[in-house]
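could you work out the structure for the sequence below:
(chains A and B)
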Protein chains: 2
Amino acid sequence: MSTPTRITQADCRALDAQDPLAPLRAHFHLPEGLIYLDGNSLGAQPKAALARAQQVVGQEWGQQLIRAWNSASWIDLPQRLGAQLAPLIGAGADEVVVTDTTSINLYKVLHAALHIARSERPQARTIVSERSNFPTDLYIAQSLCQQLGFELALIEPDELPAWLQPERAASVAVLMLTHVNYRTGAMHDMAAITAAAHAQGLLTIWDLCHSAGAVPVDLSGSGADFAVGCSYKYLNGGPGAPAFVWVSPRHADRFWQPLSGWFGHAAPFQFDPQYRPASGIARYLCGTQPIVSLSLLQCGLDVFDQAQALGGMAALRKKSLALTDLFIALVEQECAGHDLGLATPREHAQRGSQVSLTRPWGAGADGQDSGAYAIMQALIARGVIGDFRAGGGPGSAHLDILRFGFTPLYVGFEDVWQAVAQLREVLDSGQWRQPRFNQRQAVT
Amino acid sequence: MSTPTRITQADCRALDAQDPLAPLRAHFHLPEGLIYLDGNSLGAQPKAALARAQQVVGQEWGQQLIRAWNSASWIDLPQRLGAQLAPLIGAGADEVVVTDTTSINLYKVLHAALHIARSERPQARTIVSERSNFPTDLYIAQSLCQQLGFELALIEPDELPAWLQPERAASVAVLMLTHVNYRTGAMHDMAAITAAAHAQGLLTIWDLCHSAGAVPVDLSGSGADFAVGCSYKYLNGGPGAPAFVWVSPRHADRFWQPLSGWFGHAAPFQFDPQYRPASGIARYLCGTQPIVSLSLLQCGLDVFDQAQALGGMAALRKKSLALTDLFIALVEQECAGHDLGLATPREHAQRGSQVSLTRPWGAGADGQDSGAYAIMQALIARGVIGDFRAGGGPGSAHLDILRFGFTPLYVGFEDVWQAVAQLREVLDSGQWRQPRFNQRQAVT
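Okay, here's the model as predicted:
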């Protein structure tokens, strides 16, 4: 995005001053001096979470003990949180539960989708997904392919239209896509792809990990079949907070999902030795949930309730695009000549709430890697937190990525200015070439 | 257990005064005036848990944000907690992980066991378990039977020896038992049953939900194959705290467990599109864990580390048996003539850390049920918390149960006196017949 005139720090301050969503930042604890652009990996802590943790641990567990299953309504927390989350993803209030992990919820819905597909279109034995989908989704699909006799076809995004033409689509049972790509931030057109898939008889599964709370999602309006997603990124539910699962009411009662634990039973406290699935989305529950972690998610969702009065997801989307536009423009203005490319689409309709910058292989300090890891470490040392995602190495179609997430609930326009100013200093100074920034840690 | 002379409250006080484990009670928050005999459902709150929750939410999440995966070692918390828990169940430090739920962990190990059995003894197509096993175990087995073409045989405990004779055992692939029965508190001889099962070529899966932290367990010494269990009962990990899974090193690398999420990958942060399982127990990990709930478990396990200096599990077991002996003796002394039976074995070697009292069908307030539910509600209203577990109704071999758990870490001998005194008053007064105690709640 080129700009006619040079953008200044004062321009960014002016944008903050005009931002109707600026008051929402006060709901979050953000450490002094830190610019946090990694809410797409772990969302910031809503201030209410600390008091809520004290209440759940000190009062509900400590004082109520076992009685809290009734008195604090722990028993229906997966459903209550699902109902609170539902409007953010265009789902009915009784169509979502918060439970388990994204990987496990994907296993449930993919298993169900494959059984439905097998009964309706037995010749269709392929699951189509993207090679750059988040790996855990691919691993779960690989397990179910091995178990149920399906094949996984991994494609690049530009190959998708061809797979939705009749000849190829005839072999496809399920299209399993992540709505916003974790590496590039590219966003699919959920409604158009779902319609094209349905026209060929395919079922669709959408992973909303990088969408829920970040971009408007309309599962019902898109006619989607199944969806899963995590709650610890843009929903700010806390580290590893339980994930969600949505099943279209068309399908919810059609299959006995495989992780048939007691919380998915029609009457869990009758202690019946025979499994009878609950009707609706409740059958996608399995075991006893981690109540403390689960309870904290409410604090994240409450901020979205506050945002409702300020324009809700539409206003958040508008700000998110303004933030990512500004970041792209400032990187181009300030960091030219440093081998940075742009992996994220410039078109608004194709962009999530992050910007991914690339570096070519061989541009690293020792000429052996891209230098992207070290640049990000040097930036983090300066108090600007984004993250690094490795590409496929030499010859791969996928480059190393410097990833920056922009959560419109708490990131401001001057934050973007400061982040790019620091990135420029890291690059101009060559500081990122220092050995300490080139040593890999367990998690990056 | 009959006693030669009448037991008095003073006798109970004397037992407390002599109890070497009495100092451990100070590590727990126990509400004033409450006698908590439901630690077999939800363990009490270790006092350290409140500060730990504040640390994880306020410092680790709030201040460190995404960096806490490294700086607070969230990344290997499932392994670190597994190593801390391992000595309590006779496992090697690198053989256990804490993750997901008991139901999900059972799905993983039963799937693995059935695949191993199918390759070794293809004619063996039956899973044997008990009809009174905790229902979620049976539901998970029913799902895998349907998926993999096995049958589930549900037996009564006294039928087990016959199923371990060559003729019947030839058809059995897996013996799936809960070590201490959730209803009756009856405990199996793990070593003897495992040996008898192995003699016939069967694999064994042990559910340790009511054993871990309650009774000494020696998985390695017993030669067991697989084990799962929860951490929110006798381990005091907090409501719905993640569960554990153990796989004998003989089997750990033999099968690609079906919930193949990214945390079970050999190199999760290489973002490889192809699943390659980690070696050892790490492959039984799946998705991102609920870090706040997971972190609190350490507070529960730390108390066991403190108990080590006071005699460890052997001393805890001795006190547990003394508590349950005393409870049985006092119920017989104080509550004779009130239709109470004993479901829990009197033999120490066959008893867990709970006592289950029965009531015959038809003894209820309206002559239609057993009255056990109402008796428990009236007792809870008096500040003595146990729980109720329904039997199978008229004609069933399983009676309604009043369940009392005795956690030797924090239950004292005078607590037992008080509990039985209150039970006597509930029964003698007929107070339990009041309608308010006969109205069922969601969770009991």
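
can you name the residue of the stretch 1-150 of chain A nearest chain B?
Evaluated by CB to the nearest CB, the stretch 1-150 of chain A has A:T101 as its residue closest to chain B, separated by 2.8 Å. Heads up, the C-betas are built off the backbone N, CA and C, glycines and all.

for the spatially closest residue to that residue that is not a sequence neighbour, what are its contacts?
Of all residues not flanking A:T101 in the chain, B:G287 sits nearest, at 2.8 Å (CB to CB, 6 or more residues apart in numbering or on different chains). Neighbour list for B:G287: A:100-104, A:136, A:243, B:100, B:261-263 [criterion: CB atoms under 8 Å, 6 or more residues apart in numbering or on different chains].

what's the neighbour count on A:I375?
Applying other CB atoms under 10 Å in any protein chain shown, we find 29 residues neighbouring A:I375.

ignore the last one, A:Q270
Around A:Q270 there are 12 other residues, counting by other CB under 10 Å.

now it: phi and psi?
Dihedral pair for A:Q270: phi -90, psi -10, per degrees, to the nearest 10.

and the stretch 51-200 of chain A, which of its residues are near chain B?
The stretch 51-200 of chain A comes close to chain B at residues A:53-54, A:56-58, A:60-63, A:65-70, A:74-76, A:100-104, A:107, A:131-136, A:138-140, A:142-144, A:146-147, A:154, as judged by CB under 8 Å from any CB of the partner chain.

just the buried ones among those residues, please.
A:53-54, A:56-58, A:60-63, A:65-69, A:74-75, A:100-104, A:107, A:131-136, A:138-140, A:142-144, A:147, A:154 (16 or more other CB atoms under 10 Å in any protein chain shown).

so which of those belong to helices?
Using DSSP state H, A:53-54, A:68-69, A:102-104, A:107, A:135-136, A:138-140, A:142-144, A:147 are the members of these that sit in helices.

okay, helices next: where are they in the stretch 301-444 of chain A?
A:312-334, A:372-381, A:413-429 (DSSP state H, counting those that start in this stretch).

of all residues in the stretch 201-350 of chain A, which one is closest to chain B?
For the stretch 201-350 of chain A, CB to the nearest CB, closest residue to chain B: A:G287, 2.9 Å.

A:R250: neighbour count?
Residues near A:R250, counting by other CB under 10 Å: 10.

quick check: phi and psi at it.
Main-chain dihedrals, A:R250, degrees, to the nearest 10: phi -60, psi -30.

low pLDDT regions in chain A?
Counting by pLDDT under 70, chain A shows low-confidence ranges at A:1-4, A:442-444.

could you chop it up by domain?
A:9-36+A:312-437, A:51-306 (the TED database).

distance from the helix or strand encompassing A:W206 to the middle of the chain?
Using DSSP states H and E, A:W206 sits within strand A:203-207. Strand A:203-207 has its C-alpha centroid displaced from the chain centroid by 14 Å (CA atoms, centre = their mean, to the nearest Å).

any part of that strand near chain B?
No. Counting by CB under 8 Å from any CB, chain B is not contacted by strand A:203-207; separation bottoms out at 12.2 Å.

next structured bit after that strand?
Downstream of strand A:203-207, the next assigned helix or strand under DSSP H and E is helix A:219-222.

contacts only, for the residue nearest to A:P277 when sequence neighbours are not counted.
Leaving aside its chain neighbours, A:P277 sits nearest to A:R283 (4.0 Å; criterion: CB to CB, 6+ apart). Contact analysis of A:R283 by CB under 8 Å, 6+ apart lists A:252-253, A:256-257, A:264, A:277.

please check the residues you listed and keep the buried ones.
Members of the contacts of A:R283 classed as buried by 16+ other CB under 10 Å are A:252, A:256-257, A:264, A:277.

number of residues surrounding A:G367?
Neighbours around A:G367, by other CB under 10 Å: 9.

returning to what we had before: paired strands for the strand holding A:W206, with orientation please.
strand A:172-178 (parallel), strand A:226-229 (parallel) (DSSP bridges).

CSV for these, including distance to B:S211?
Output for those, formatted as CSV (distance: least, CB to CB, whole Å):
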stretch, distance to B:S211
strand A:172-178, 40
strand A:226-229, 34
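
can you list those strands in CSV and add distance to A:L164 and mean neighbour count?
Compiled in CSV, the strands paired with strand A:203-207 are given as follows (distance: least, CB to CB, whole Å; neighbours: other CB atoms under 10 Å in any protein chain shown):
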stretch, distance to A:L164, mean neighbour count
strand A:172-178, 8, 25
strand A:226-229, 18, 29
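
so for A:I291, which of these sits nearest?
strand A:226-229 (20.5 Å; CB to CB).

who touches the closest one?
Contact with strand A:226-229 is made by A:89, A:91, A:102, A:105-106, A:109-110, A:112-113, A:203-209, A:211-212, A:219, A:243-248, A:251, as judged by CB under 8 Å, 6+ apart.

buried subset of the residues you listed, written for ChimeraX?
Selection of buried members from those for ChimeraX, criterion 16+ other CB under 10 Å:
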select /A:89,91,102,105,106,109,110,112,113,203,204,205,206,207,208,209,211,212,219,243,244,245,246,247,248
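
which SS class is the residue nearest to A:P277?
With DSSP: H, G, I helix; E, B strand; the rest coil as the basis, A:R283 sits in helix.

neighbours of A:L152, just the number please.
For A:L152, using other CB under 10 Å, the count is 18.

would you agree it falls within a strand?
Yes. Counting by three-state DSSP, A:L152 falls inside a strand.

thought A:T102 was touching A:I140, still the case?
No. The pair formed by A:I140 and A:T102 falls short of the contact definition of CB atoms under 8 Å, at 9.2 Å.
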